[in-house]
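*Asks:* can you look at this prediction? I've put the sequence above it.
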Amino acid sequence: MKNIPLLIGALLFSILFYQQNFGLNLSLFCLLTIGILTIYNKDLFKKKSTIIFSIVFITTAITIFFHKSSLTIIAYVVAFLTLIGNISQQGSSIYINWLNGLYASIAGFFHRNFNTTEKGEKTVPKQKTDYPHLIKIIGVPLITVIIFISLYKNGNPMFNELISKIDFRFINVQWVLVSVLGYYLLSNISKPVRVDPATTHDLNIENSLGTKGDIVEEKLKKENQLGFILITLLNILLVFFIITDIVYLISTNDLRASAFSNQVHNGINTLITSIVIAIIIILYFFRGNLNFYKDNKNLKTVTYTWIVLNLILIINIAIKDCQYIYYFGFTYKRIGVLIYLLLAIIGLFTTSIKVKQIKNFWYLFRVNTLTAFTILIISSIINWDNYITYYNLNHAKSMDFNYLLELSDNNTFLLKNYADRNNLTDEKKSLIEEKYKAYIIELESKNWQEIQYNNWKLN
Amino acid sequence: MNISSAISKSTLLATCTFWIFIISKDFQSDMIPFVFLSIIPIFLCCAFTILFTIMPFFWFKRDGLSNRSVFKKYFPFYAITSFSLCLYGAIKLSFAISFFISAFFTAMQSWVWLAKDNQ
């Protein structure tokens, strides 16, 4: 009785995924997952965090239905793991949710199998099933019969004919195997297990930093001096770099795409190195008792200055990237740069909070992974291919037409619409027509499990 | 800890899962001799995996650490790593998908057998 929802779920899993591409099936699997989780973990679905993560998971599932892409599928998988991890352990950090979610999904059955056996041995000694004997009485006769059938087939034509007439093709073994796989997955997530050492460690560690041992004034004074000199020098260097960069930005009239590309990508490389080193140095100096040293005011001031200078560097690169987009349109790389810059701003902001409010490394890690997750989900909601195409066709000063054709099919209807309403060259029109026809054929050949929102546009 | 028993059971499990996936696609009676022949390489693979990737966790455990603790501490990371490798292998070499599926499930079950043994 207890396993009936799982058995039904396994059959549905096979119906949804056996020999199918992704589409509506992923959206329906989301509902199936939440249904199974609710049946087996009713109480947890009253908790706020579980409800939020369920909504996030449903959002990604709807997104896939509207515009399927690699990004939406990645967001879907991450949201799935986050929800499972949240159910396995409430109140843990998001990266622990991912770890627990992944572990529970792939090996929950084995974990529970091991635990159940041990518990069983300690309480009521159940009569053990003699598996080797069971295998012997089923396996040995079966194998022997098969061997003898194949031998007799060659010896007697009539027997061979009779055996050949036995047709087991109505049993689709692969379909059954997919159902078994579905049962395994749903059984794993129905009662999610957790990675013990990592989860316990995470639950025990708070965000705030406390004093470590005795505060030795002399040692802290030396460390404070070293930190102050080092960060001040780096500040001077960064100021010099920013000034030269701004002068170059104002004075240059080079509007070639390659010049913009070099500036943005070199700037990004500098920024990545600068921010990584900045955070490592800040984490090093503010790892312990220096946070509680009474004369650390100057060190904190130069640290904040460094964070602000890095923010100026980010704004500088953002301006270059926006100029690049204004003249040459959107591409995934250019959008990626903007998202990286956004992450960098949040990273620097949380680092300054760490210094001000005396937080530890785990605080930074927790907040920044949660931010990355949020940005992943939000960015997956946007139909990037469609927006890139719309902007580049209507607003960019110049653009790479072939790039738009190489994007996924999510922009096909937009391209077709544009080609119908504007005077394009015959070559461009034929390329769009080719892409459109291929997509229509693909949409029409989809089974109900694979359909997407665009299928509705055909009617 | 009875390693030979674990290797034998793993070989049987791996052979069954490996051939179930292959036979489910296409079964021909000519395959039967290969099913038996395949036991030798599968045995070698299982022995290698158990002796070199699972047993060291039990052999080099700290004093006072029970098998249950070793399982709880290392099995999750072993499971995640082996899943990632098998998934990568299955994507890169799609013709060998049955090998990677049976390798993953056999490795997981071998851990349970070995950790349960002499708890």
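*Replies:* Received it, and whenever you're ready, just let me know what you need. Numbers count the residues shown, from 1 in each chain, chains lettered A, B, ... in the order given.
*Asks:* could I get the full set of helices for the stretch 101-250 of chain A?
*Replies:* A:131-155, A:157-165, A:173-190, A:196-204, A:217-251 (DSSP state H, counting those that start in this stretch).
*Asks:* which one of those helices lies nearest to B:Ile54?
*Replies:* helix A:196-204 (18.2 Å; Cβ to Cβ). Where C-beta positions appear, they are placed from N, C-alpha and C, glycine not excepted.
*Asks:* which parts of the closest one are buried?
*Replies:* Within helix A:196-204, the residues that count as buried by 16 or more other Cβ atoms under 10 Å in any protein chain shown are A:Asp196, A:Ala198, A:Thr199, A:Asp202.
*Asks:* now, which of those residues sits nearest chain B?
*Replies:* The closest of the buried residues of helix A:196-204 to chain B turns out to be A:Asp196 (Cβ to the nearest Cβ; 4.8 Å).
*Asks:* how about the buried residues of helix A:196-204 in TSV, adding pLDDT and distance to chain B?
*Replies:* Shown next, in TSV, are the buried residues of helix A:196-204 (pLDDT from 0 to 100; distance: Cβ to the nearest Cβ, whole Å):
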residue	pLDDT	distance to chain B
A:Asp196	86	5
A:Ala198	89	8
A:Thr199	91	10
A:Asp202	90	13
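*Asks:* out of these, what pair is the most spread apart?
*Replies:* Put simply, by Cβ to Cβ the two of the buried residues of helix A:196-204 set farthest apart are A:Asp196 and A:Asp202, 10.9 Å from each other.
*Asks:* distance between the least confident helix or strand in chain B by mean pLDDT and the chain's centre?
*Replies:* In chain B, no helix or strand scores lower on mean pLDDT, DSSP states H and E than helix B:32-37, which sits at a mean of 85. In terms of Cα atoms, centre = their mean, to the nearest Å, the centre of helix B:32-37 is set 20 Å apart from its chain centre.
*Asks:* and what of stretch A:279-299?
*Replies:* Distance of stretch A:279-299 from its chain centroid, counting by Cα atoms, centre = their mean, is 34 Å.
*Asks:* tell me the buried residues in it?
*Replies:* In stretch A:279-299, the ones that count as buried by 16+ other Cβ under 10 Å are A:Ile279, A:Ile281, A:Ile282, A:Phe285, A:Phe286, A:Gly288, A:Asn289, A:Leu290, A:Asn291, A:Tyr293, A:Asn296, A:Leu299.
*Asks:* ok, now which ones touch the closest residue to A:Thr82 other than its chain neighbours?
*Replies:* Nearest in space to A:Thr82, with sequence neighbours left out and distances taken as Cβ to Cβ, 6 or more residues apart in numbering or on different chains, is A:Asn97 at 4.9 Å. Taking Cβ atoms under 8 Å, 6 or more residues apart in numbering or on different chains, we find A:Asn97 in contact with A:Phe53, A:Leu81, A:Thr82, A:Ile84, A:Gly85, A:Asn86, A:Ser88, A:Gln89.
*Asks:* quick revisit: of the helices of the stretch 101-250 of chain A, which stretch is the most buried?
*Replies:* Across the helices of the stretch 101-250 of chain A, the average number of neighbours (mean count of other Cβ atoms under 10 Å in any protein chain shown) peaks for helix A:173-190, which reaches a mean of 19.
*Asks:* how about residues contacting that one?
*Replies:* Helix A:173-190 is contacted by residues A:3, A:5-7, A:9-14, A:17-18, A:32-33, A:36-37, A:39-40, A:84, A:104-109, B:20-21, B:23-25 when judged by Cβ under 8 Å, 6+ apart.
*Asks:* again, only this time at 7 Å
*Replies:* Residues from elsewhere that reach helix A:173-190 (Cβ atoms under 7 Å, 6 or more residues apart in numbering or on different chains): A:6-7, A:9-11, A:13-14, A:17-18, A:33, A:36-37, A:40, A:84, A:104-105, A:108-109, B:21, B:24-25.
*Asks:* where are the low-confidence patches of the chain?
*Replies:* Reading this off chain A. A:1, A:116-131, A:167-171, A:252-260, A:263, A:459 (pLDDT under 70).
*Asks:* other chain: chain B
*Replies:* B:1, B:118-119.
*Asks:* what does it put close to chain A?
*Replies:* Within chain B, the positions lying close to chain A (Cβ under 7 Å from any Cβ of the partner chain) are B:21, B:24-25, B:29, B:32, B:68, B:71-73, B:76, B:79-80, B:83, B:108-109, B:111-112, B:115-116, B:119.
*Asks:* got a quick ChimeraX command for the buried subset of the residues you listed?
*Replies:* Only the buried entries of the residues of chain B next to chain A go into this ChimeraX selection, using 16+ other Cβ under 10 Å:
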select /B:21,24,32,71,72,73,76,79,80,83,108,109,111,112,115,116
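*Asks:* in helices, which of the residues of chain B next to chain A appear?
*Replies:* B:21, B:24-25, B:32, B:68, B:71-73, B:76, B:79-80, B:83, B:108-109, B:111-112, B:115-116 (DSSP state H).
*Asks:* how about A:Ser398, secondary structure?
*Replies:* coil (DSSP: H, G, I helix; E, B strand; the rest coil).
*Asks:* what about it, neighbour count?
*Replies:* Close neighbours of A:Ser398, defined as other Cβ atoms under 10 Å in any protein chain shown, add up to 11.
*Asks:* how near is A:Ala372 to A:Asp214?
*Replies:* Distance, A:Ala372 to A:Asp214, using Cβ to Cβ, to the nearest Å: 38 Å.
*Asks:* break chain A down into its domains, please.
*Replies:* A:1-130+A:169-207, A:217-359, A:385-458 (automatic domain parsing).
*Asks:* could you list the buried residues of stretch B:46-60?
*Replies:* B:Cys46, B:Ala47, B:Thr49, B:Ile50, B:Ile54, B:Met55, B:Phe57, B:Phe58.
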